[in-house]
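> Sequence first, predicted model second:
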Amino acid sequence: MIDLLPYVVLSIAAFSGALVSGLAGFAFSAVAGAILLHYFAPIEAVPLMMACSIAVQGANLFVLRNTMQWKGSLVFIVGGAVGIPIAVYLLQNADTHVFRLGFGMFVALYATYALFRPKLANPQLIENHGRNALVGFGGGLVGGLTAMPGALPTIWCDINGVPKLQQRGLVQPFIAAMQVFALALMLSHNSVSSKVLIDFGICLPALIAGTAAGIILFGRINELAFKRTILSVLLFSGLCLVV
C-alpha cells in the first residue's frame, strides 16, 4: 500500500510557503521548512525548498512585473552578491548556530516592537546608494547563513515607511537574485539527488495554487494590513530561527 503521508506533507508545506511568499514576497523557506524539516532530512529538504522558492519568486516577478523597480533593486543585489560568498565560506569553516540564533532574536524583537509602535514611520526616500548596498550586503550575508535574504531589506523598507508596491518592487528582485546565486553556489559544491526533482514535481500543483492565492490577497489588502502581514511574517521567521 502506498504511503500517502509524504505527498500530503509536501503539498501542505508547498502551498503554505507559496501562499505566504505570494502575499508577503518572502519567507517561503521559513514557512515550508517549519513543516518539511520534521519529515525530511536537511540534505533533501534544503535544495527542495530553494528550488520551490525560486519557482515562486519567478511567478511573483512575472505577475507583478509592472511594479518591479529593477534599477533601485540593483544596488541591493550588487551588495548581496558580495555577501553570499562570505556566508558560504563561514558555513563551511565556522559554527554559525550562535549567529542564526542571535539574528532570529533580533528579527523577532524588531517585528514585535514594530507591530505595537504607536504609528508607522513617515514615508522616506531610500535613495542613498551606499546605505542600500550595505543593507544588500547584509541581506546576502544573512541569507546565506539563514535562508532569509529578504529580512534586512524588508526591515529597512519598514523603517523608512516604504509603500507596499515600492517595497515589493525593491525587495522581490533582490530575493530572487540571492536565491538563484545561492543555489548556483550550492550546486557547484554538492550534487542534488534526483529525489529532489521528483519531490519538486509533486509540489508543483500546490506551489501554483498557493502563489496565485497569495498574489490575489496582496492585490486586495491595504497598506496597513500589508505592513502588519509583513511584520507578522518577520516575527514568525525570527522565531523559527530561534526555536
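Sure, I can see it. Residues are numbered from 1 along each chain as shown.

> ranges for the helices of the protein?
Counting by DSSP state H, the chain has helices at residues 5-24, 28-36, 42-63, 70-93, 97-116, 129-146, 151-159, 164-189, 194-220, 223-242.

> Using CSV, lay out those helices together with mean neighbour count.
(Glycine included, C-beta is placed from N, CA and C.) CSV is the format used below for these (neighbours: other CB atoms under 10 Å):
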stretch, mean neighbour count
helix 5-24, 22
helix 28-36, 25
helix 42-63, 20
helix 70-93, 18
helix 97-116, 16
helix 129-146, 22
helix 151-159, 24
helix 164-189, 20
helix 194-220, 17
helix 223-242, 19
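
> now these as a markdown table including mean pLDDT?
What follows is the helices of the chain, written out as a markdown table (pLDDT from 0 to 100):
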| stretch | mean pLDDT |
| --- | --- |
| helix 5-24 | 91 |
| helix 28-36 | 87 |
| helix 42-63 | 86 |
| helix 70-93 | 88 |
| helix 97-116 | 90 |
| helix 129-146 | 90 |
| helix 151-159 | 91 |
| helix 164-189 | 86 |
| helix 194-220 | 91 |
| helix 223-242 | 91 |
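
> Tell me who's in contact with W156.
126, 132, 135 (CB atoms under 8 Å, 6 or more residues apart in numbering).

> possible to save these as a markdown table with distance to L207?
Output for the contacts of W156, formatted as a markdown table (distance: CB to CB, whole Å):
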| residue | distance to L207 |
| --- | --- |
| I126 | 31 |
| N132 | 30 |
| V135 | 29 |
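
> measure the closest residue to A213 other than its chain neighbours to F226 for me?
Using CB to CB, 6 or more residues apart in numbering and skipping residues adjacent in sequence, the residue nearest A213 is L19, 5.4 Å away. Look at L19 and F226: by CB to CB, to the nearest Å, they are 15 Å apart.

> cool, and A27?
Taken as CB to CB, the span from A27 to F226 is 14 Å.

> again, but for G72
19 Å.

> Over to R131?
R131 is 23 Å from F226, where distance means CB to CB.

> Kindly report the same for Y39.
For Y39 relative to F226 (CB to CB), the value is 32 Å.

> same deal with N160?
15 Å.

> How about the contacts made by the closest residue to M68 other than its chain neighbours?
The shortest distance from M68 to any non-neighbouring residue, by CB to CB, 6+ apart, is to G169 (5.0 Å). G169 sits next to 64, 67-69, 72-73 when contact means CB under 8 Å, 6+ apart.

> Please convert those residues to a markdown table, extending it with distance to L141.
As requested, the contacts of G169 are exported to a markdown table (distance: CB to CB, whole Å):
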| residue | distance to L141 |
| --- | --- |
| L64 | 26 |
| T67 | 27 |
| M68 | 24 |
| Q69 | 23 |
| G72 | 20 |
| S73 | 17 |
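
> and these, which two are the farthest apart?
For the contacts of G169, the maximum inter-member distance is 14.6 Å, found between L64 and G72 (CB to CB).

> Look at H38 and say how many residues are nearby.
Applying other CB atoms under 10 Å, we find 10 other residues in the vicinity of H38.

> For L5, see how far away it is.
With distances taken as CB to CB, H38 is found 12 Å from L5.

> Check N222 too.
To L5, N222 is 39 Å away according to CB to CB.

> ditto for G79
42 Å.

> what does S16 give?
As judged by CB to CB, S16 and L5 stand 16 Å apart.

> Over to A24?
Note on A24: its distance to L5, by CB to CB, is 28 Å.
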